[in-house]
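Participant: Structure of the sequence below:
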Amino acid sequence: MAIPKAVQDQANRSEELLQQMRDKEEGKTGDKPDGEKPADAKPDKALEAQKPDDGFQHKYEVLQAKYNAEVPQLHRQLRESSQALEDMQRQIDELKAAPKAPVDPGVDFSSLDDDYPPEIVSIMKQQAMTIAELRNEINDIKGSVNSTHSEVAKTREDAFWEAFSKGVPDSAIINTDPGFVEWMNSIDPMSGFTRQQLMDRAAQQLNAVRVIAIYDQWKNQKPSGYTPPDMANNLSPSASKGNGASAPEKPTYTRTQIKQFYEDWRSARTKPGHDEAKWVAKDHDITSAYAEGRITG
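Facilitator: Model prediction:
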């Protein structure tokens, strides 16, 4: 195998330097061509006093050591790369040579052999095989579309929660305010629906702008000097109603549980026996939990 050019150049350079050093030691650099006598027969005292330069020898030894260390490593890397390429090519050839699994058309043509010529039966078999292959491709495409839809829905949901957290950073305090709960259950004069219904619809649509606008409307219409109760002394809205009789405690949710719920809901829609009403009911309870202070983290 050829030595890498960079290593060869370094070796050639070191050989030149070593040859120059040898020539200087033997006095060849000061020799005249054959037949020509030197003009001054007296030896140059400066040349006689000059000692061989050890710098070239040191450089040569350094380059030689570097060469001895790098070349075997390069050879080893090249062998490993060649072996990896051979393994990959062998796997590709095996995949190409592997027979494709036959497609089951799902139709029994044995009963047609007595009624139709072999040519007609063969054409019908080919068409049935083509239809079966197309069905498999369609199923694969459906799987890809469903996967993409789930990823897009998850991205929208994450964006909704991020925008909501930034737009209403004090939502945990507001949700435990009895005045806010009462205001949410009142009718919005512009739409004819309760504000809770409007928020539920906006949350289902992952419309963070509308949800934030409802919170901002509450903040802007509060009486001057109004101070929300201390969270440490707050009771949940469901427990604050009534005169001593405690209502059944409603479930609480964390943001992680809510995200997992919507992921499970999307997966359940593709399974047989899916009960959409059950999931919708829990979805409504989750949206109500925002106004009732049942989101714990």
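Participant: max-length helix in the protein?
Facilitator: Looking across the chain with DSSP state H, the single longest helix is helix 118-167.
Participant: What average pLDDT does it get?
Facilitator: Averaging the model's pLDDT scores along helix 118-167 yields 77.
Participant: Packing partners of whichever helix or strand comes after that helix?
Facilitator: Of the helices and strands lying after helix 118-167 in sequence (DSSP states H and E), the nearest is helix 171-175. Using 3 or more C-beta pairs under 8 Å, 6 or more residues apart in numbering; DSSP states H and E as the contact test, the elements touching helix 171-175 are helix 208-221, helix 276-292. Any C-beta I mention is one placed from the backbone N, CA and C, and that applies to glycine too.
Participant: pLDDT on helix 171-175, on average?
Facilitator: Here helix 171-175 scores 85 as its mean pLDDT.
Participant: Next: stretch 84-98.
Facilitator: 81.
Participant: Going by neighbour count, which residues of that stretch are buried?
Facilitator: Neighbour-count burial for stretch 84-98, with 16 or more other C-beta atoms under 10 Å as criterion, is recorded at no position.
Participant: now residue 179: how far from residue 18?
Facilitator: Between residue 179 and residue 18 the computed distance is 94 Å (C-beta to C-beta, to the nearest Å).
Participant: Likewise for residue 93?
Facilitator: 50 Å.
Participant: Likewise for residue 11?
Facilitator: Here residue 11 is placed at a distance of 11 Å from residue 18 (C-beta to C-beta).
Participant: same thing with residue 286?
Facilitator: Here residue 286 is placed at a distance of 83 Å from residue 18 (C-beta to C-beta).
Participant: the more surrounded of the two?
Facilitator: When residue 286 and residue 18 are compared for neighbours, residue 286 comes out ahead with 20 against 17, by other C-beta atoms under 10 Å.
Participant: Verify the stated contact: that one with residue 253.
Facilitator: Yes - under the criterion of C-beta atoms under 8 Å, residue 286 is in contact with residue 253, at a separation of 6.0 Å.
Participant: Common neighbours of those two, please.
Facilitator: Both residue 286 and residue 253 are in contact with residue 261, where contact means C-beta atoms under 8 Å, 6 or more residues apart in numbering.
Participant: According to the record, where do the domains of this structure fall?
Facilitator: In the assignment given by automatic domain parsing, the structural domains of the chain cover 1-26+53-98, 100-151, 168-240+250-292.
Participant: Which one of the ones you listed lies nearest to residue 159?
Facilitator: Among the domains of the chain, domain 168-240+250-292 comes nearest to residue 159, with 7.6 Å by C-beta to C-beta.
Participant: quick revisit: out of the helices and strands packed on helix 171-175, the one nearest residue 195 is which?
Facilitator: Between residue 195 and the helices and strands packed on helix 171-175, the tightest spacing by C-beta to C-beta is seen for helix 208-221, at 6.0 Å.
Participant: give me the element the nearest residue to residue 174 once chain neighbours are set aside is part of.
Facilitator: Nearest residue to residue 174, sequence neighbours excluded (C-beta to C-beta, 6 or more residues apart in numbering): residue 180, at 5.3 Å. Using DSSP H and E, the secondary-structure element containing residue 180 is helix 178-184.
Participant: hang on, residue 212 packs against residue 169?
Facilitator: No - taking contact to mean C-beta under 8 Å, the distance of 10.7 Å between residue 212 and residue 169 leaves them out of contact.
Participant: now the strands for the stretch 1-150 of the chain?
Facilitator: In the stretch 1-150 of the chain, no strands are found when defined by DSSP state E, counting those that start in this stretch.
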